[in-house]
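>>> Predicted coordinates and the sequence they were generated for:
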Amino acid sequence: MAVQINPSILSADFARLAEETKAVEGADWLHVDVMDNHFVPNLTLGVPVVESLARATETPLDCHLMIENADRWAPQYVEAGAGSVTFHAEAAAAPVRLAREIRAKGARASMALKPATPIEPYEDLLPELDMVLIMTVEPGFGGQSFLDIMLPKIRRTRELITKHGLELWLQVDGGVSASTIERCADAGADVFVAGSAVYGAEDPAEAVRALRAQARSATATAAWACAH
Ligand SMILES: O=C(CO)[C@@H](O)[C@H](O)COP(=O)(O)O
Ligand SMILES: [Fe+2]
C-alpha cells in the first residue's frame, strides 16, 4: 500500500512561502489550511494565495478548507489550482452535489470530519469521494497534541472503505509526528498531514522521508493492509 506525506504549510514561514515549498521537495502533496475565523477561530489565507502557490511549486496542492459556506467557496479553490479540495462535512449544505462539482472541475474531492462528527452517517456518500480526512485535533491550529481517541474512528472508516471495495484515501491531520504516525497507519490511514513535525524539524525534507519510512513499515504489518 502506498503511503503519502503531506506537509502542512500552516507551520511554515508565511513571509517565505515559495521557499518553504522547496524545503519539502519530495513530499507527495502540500497541505494548505484555509481558515476563515468563522468555522474555526483562526484566519490564514484564501484563493489569491493558493493561486500564487500553485504557480510557485510543482508539488500538487491539498487544500483543507476550514470555512463556512463550503458549497460556495470550494469550487473556487479548484479553479485556483488545487489538485485536491477537502470541505468539512459540518460546513457543507449539499456534500454530494459539492463533491461532484469538485470532481467535474478536475480535482480530487475530499470530506473532513471534526473529532465529534461520526463517519457512519456518511457511509452512503463515500463512493462520491476521493478521500476522507479524519481530524485528530480540533481544527484551527497547528502544534496541538494528537487525540488518540480518534483511532477507533480511523479503524471504522477503513472498515467501511474495505467493505465497499473503494479506492479512496484516508487522511489524518493533527498532531501527526514520529511518535503518533505508526498508530495512525496501523489503524488504517494512508495519507498523513504533518505541520510542526516537518517544518519544526531542522531538515524538513529529511523529516518527510523519516515519517514516510515509519508509515511504510507500520502499514506493512497492519491487518487492514495485509488483507488487501
Ligand atoms: O488543519 C490543521 C489544523 O486545523 C492542520 O493541518 C495543522 O496544520 C496540522 O499541524 P500539526 O498538528 O501537524 O502541527
Ligand atoms: Fe489541515
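Perfect, I can see it now. Ligands and ions are numbered 1, 2, ... in the order given.

>>> From here on, just use CA atoms for contacts and neighbour counts.
OK.

>>> Provide a list of residues in contact with Gly143.
Gly174, Gly175, Gly195, Ser196 (C-alpha atoms under 8 Å, 6 or more residues apart in numbering).

>>> give the contact list for the last one.
This points to Ser196. Ser8, Ser11, Gly142, Gly143.

>>> redo that, cut-off 7 Å
By C-alpha atoms under 7 Å, 6 or more residues apart in numbering, the residues touching Ser196 are Ser11, Gly142, Gly143.

>>> just to revisit the earlier point, ok, and which of the contacts of Gly143 reach ligand 1?
Counting by C-alpha under 6 Å from any ligand atom, Gly174, Gly175, Gly195, Ser196 from these sit close to ligand 1.

>>> could you dump the residues you listed to a markdown table with secondary structure and pLDDT?
Below are the ones next to ligand 1 among the contacts of Gly143 laid out as a markdown table (DSSP: H, G, I helix; E, B strand; the rest coil; pLDDT from 0 to 100):
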| residue | secondary structure | pLDDT |
| --- | --- | --- |
| Gly174 | coil | 98 |
| Gly175 | coil | 98 |
| Gly195 | coil | 98 |
| Ser196 | helix | 98 |
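
>>> Just the buried ones from these, in ChimeraX syntax?
Burial among those is assessed by 16 or more other C-alpha atoms under 10 Å; the matching ChimeraX selection reads:
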select :174,175,195,196
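
>>> Return the member of the contacts of Ser196 nearest to Val24.
Checking the contacts of Ser196 against Val24 with C-alpha to C-alpha, the nearest one is Ser11 at 12.2 Å.

>>> I'd say that closest one and Val193 touch.
No. Taking C-alpha atoms under 7 Å as the definition, Ser11 is not a contact partner of Val193, at 11.4 Å.

>>> For these two, work out which one has more neighbours and name it.
Val193 (26 against 19; other C-alpha atoms under 10 Å).

>>> Find the helix or strand that that one is a member of.
Using DSSP states H and E, Val193 maps to strand 191-194.

>>> ok, now how distant is the spatially closest residue to Arg108 that is not a sequence neighbour from Leu45?
Leaving aside its chain neighbours, Arg108 sits nearest to Ser84 (4.4 Å; criterion: C-alpha to C-alpha, 6 or more residues apart in numbering). For Ser84, the distance to Leu45 (C-alpha to C-alpha, to the nearest Å) stands at 17 Å.

>>> These two: which has the busier surroundings?
Ser84 (23 against 14).

>>> so who does the more buried one touch?
With contacts defined as C-alpha under 7 Å, 6+ apart, the neighbours of Ser84 are Leu61, Asp62, Cys63, Ala107, Arg108, Ala109.

>>> count of residues packed around the last one?
With neighbours defined by other C-alpha under 10 Å, the count for Ala109 comes to 27.

>>> quick one, what contacts it?
Going by C-alpha under 7 Å, 6+ apart, Ala109 touches Ser84, Val85, Thr86, Ala99, Ile102, Arg103, Leu129, Asp130, Met131.

>>> Among the residues you listed, which ones are in helices?
Mapping the contacts of Ala109 onto helices (DSSP state H) picks out Ala99, Ile102, Arg103.

>>> Show me what the spatially closest residue to Arg212 that is not a sequence neighbour is bridged to.
The shortest distance from Arg212 to any non-neighbouring residue, by C-alpha to C-alpha, 6+ apart, is to Ile5 (6.3 Å). Bridge pairing for Ile5 (DSSP bridges) gives the partners Phe192.

>>> can you pull out the helices in this protein?
In order along the chain, the chain carries the following helices (DSSP H): 17-22, 47-56, 70-79, 95-104, 151-163, 181-187, 196-199, 204-220, 223-226.
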